[in-house]
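Q: Structure for this input, please:
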Amino acid sequence: MRLHIPVPVRWSDLDAYGHVNNATMLTLLEEARILALWDDPNPSSFGDNAGVGESTQSAPFSGGASAETYTLIARQEVEYLLPIPHLRDPLDVELWIGRIGGASVDVCYEIFSPVGAEPRLMYARATTVMVLVDVASSRPRRLTDDERTYLSDFVDAPLEHRR
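A: Numbers count the residues shown, from 1 in each chain. Modelled structure (predicted):
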């Protein structure tokens, strides 16, 4: 199952050409990933989170100073298909898990025009390899059974990026 995460485009996300800057794309992906995978005591952080939390369990990761695990980015790959203009409605970011490893997870994304927009446009596709790291030892740590169970609800075929 894929999650649909609404992610707004802010005026500050635009570059001199009037579309989302390529570096800002990584921030939009980060926001979608946080909404989908991090336990948030304030789930309205980014507005309407329709499609988030479709699992019956709470999100597997938590952040902040008290976190026992860091989730570090080992690799990101983005295919830019169309420039993203400023939009009043949030982008529809489809997010799923392409692979669950021992201590890593491949998070896949397809970034679409806002829900209900016609035609439905795909602006970009991306994959983030996220590694779980124990804060105390600074070493990768294996995913727990609970984390695997949560993530397995969202497993779909991994993206195959063009080379």
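
Q: wait, doesn't residue 39 sit right on residue 67?
A: No: assessed by CB atoms under 8 Å, residue 39 is found out of contact with residue 67, at 10.1 Å. C-beta coordinates here come from the backbone N, C-alpha and C atoms, glycine included.

Q: Quick one: neighbours of residue 113, just the number.
A: For residue 113, the neighbour count with other CB atoms under 10 Å is 19.

Q: Tell me the spacing between it and residue 18.
A: According to CB to CB, to the nearest Å, residue 113 stands 16 Å off from residue 18.

Q: Repeat that for residue 116.
A: Using CB to CB, we find residue 116 at a distance of 23 Å from residue 18.

Q: which residues in the chain form helices?
A: 22-37, 145-152 (DSSP state H).

Q: Tell me what residue 96 is bridged to.
A: residue 108 (DSSP bridges).

Q: from memory it sits against residue 32, does it?
A: No: counting by CB under 8 Å, residue 96 does not reach residue 32; the two are 11.0 Å apart.

Q: And those two? Which one has more around it.
A: Neighbours were counted for residue 96 and for residue 32 using other CB under 10 Å; residue 32 has more, 27 against 21.

Q: That one touches residue 2, doesn't it?
A: No: using CB under 8 Å, residue 32 is not in contact with residue 2, being 11.4 Å away.

Q: Quick check: residue 106 touching residue 158?
A: Yes: applying CB under 8 Å as the test, residue 106 and residue 158 come out as touching, 5.8 Å apart.

Q: Those two: who's more crowded?
A: A direct count of neighbours by other CB under 10 Å for residue 106 and residue 158 places residue 106 higher, at 19 against 13.

Q: show me the contacts for that one.
A: 97-100, 127-130, 158 (CB atoms under 8 Å, 6 or more residues apart in numbering).

Q: repeat that for 6 Å
A: 98-99, 127, 129, 158 (CB atoms under 6 Å, 6 or more residues apart in numbering).

Q: what does residue 155 give?
A: Contacts of residue 155 by CB under 6 Å, 6+ apart are residue 97.

Q: now it: how far from residue 16?
A: Separation of residue 155 from residue 16 (CB to CB): 40 Å.

Q: out of the helices of the chain, deepest packed?
A: With neighbours defined as mean count of other CB atoms under 10 Å, the helices of the chain peak in mean count at helix 22-37, which reaches a mean of 19.

Q: so what does that one touch, helix or strand wise?
A: On a contact count with 3 or more CB pairs under 6 Å, 6 or more residues apart in numbering; DSSP states H and E, helix 22-37 meets strand 3-7, strand 91-100.
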